[in-house]
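S.K.: Got a predicted structure plus its sequence, pasted below:
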Amino acid sequence: MSKQELVVLGQDDGEAACCPQSPTTPLDEGQAVDLAKAFKALGDPVRLRLVSMIASRAGGEVCVCDLTPAFDLSQPTISHHLKLLRQAGLIDCERRGTWVYYWVLPGALDPLAAFLATMRTAGTDT
């Protein structure tokens, strides 16, 4: 490494770095895009409540007929929010007769939780 590279990294002739290295690596572009899509979908209070309601339901799934009354919104608006959550890869659904049942996709929230956990602990390992 050249002297200039050492200065840029915050080191000078073998002295300790000015900033300790993070125990995790920064997100690459693809990871950031994927996480941002999911966080954007959860960035709306209605969608955040919908995911919470679906995830907390015994049996892991809920009928749309049980979701709609919890909101002061029209059924098409609730369906739109559910569609955005599906497009973000957070939930899935299945039509059974006239009703649609929703569930959180297994592992879909794990990358979000892992990212938030690393951000919470970043810089505390000094």
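M.R.: That came through fine.

S.K.: make it CA atoms for all contacts and neighbour counts henceforth
M.R.: Noted.

S.K.: Skip the chain neighbours and tell me the closest residue to the residue nearest the centre of the chain.
M.R.: Central residue of the chain (C-alpha atoms, centre = their mean): L112, 3.5 Å from the mean position. Among residues not flanking L112 along the chain, L35 sits closest, at 6.6 Å (C-alpha to C-alpha, 6 or more residues apart in numbering).

S.K.: now that neighbour, what's its secondary structure?
M.R.: Under the three-state scheme (DSSP: H, G, I helix; E, B strand; the rest coil), L35 adopts helix.

S.K.: Could you count how many residues lie near it?
M.R.: By the criterion of other C-alpha atoms under 10 Å, L35 has 17 neighbours.

S.K.: From G60, how far off is it?
M.R.: Using C-alpha to C-alpha, to the nearest Å, one gets 23 Å for the distance from L35 to G60.

S.K.: From L109, how far off is the residue nearest to L112?
M.R.: 10 Å.

S.K.: sec struct for G89, please.
M.R.: coil.

S.K.: which residues sit in contact with it?
M.R.: By C-alpha atoms under 8 Å, 6 or more residues apart in numbering, the residues touching G89 are A38, L105, A108.

S.K.: Can you tell me which of these is nearest D92?
M.R.: Among those, L105 lies closest to D92 (C-alpha to C-alpha), at 6.3 Å.

S.K.: pLDDT score for the spatially closest residue to that closest one that is not a sequence neighbour?
M.R.: Closest residue to L105 apart from its sequence neighbours, by C-alpha to C-alpha, 6+ apart: I91 at 5.0 Å. Looking at I91, its pLDDT is 97.

S.K.: any idea how far I91 lies from A41?
M.R.: On the measure of C-alpha to C-alpha, I91 and A41 end up 11 Å apart.

S.K.: Equivalent analysis for V51, please.
M.R.: Counting by C-alpha to C-alpha - V51 and A41 are separated by 10 Å.

S.K.: What residues sit buried inside stretch 47-55?
M.R.: R47, L50, V51, M53, I54, A55 (16 or more other C-alpha atoms under 10 Å).

S.K.: Go ahead and name everything in contact with the helix or strand encompassing the last one.
M.R.: What it means is A55. Here A55, judged by DSSP states H and E, is contained in helix 45-56. Residues lying outside helix 45-56 but in contact with it, judged by C-alpha under 8 Å, 6+ apart, are 41-42, 60-62, 67, 81-82, 85, 91, 102-104.
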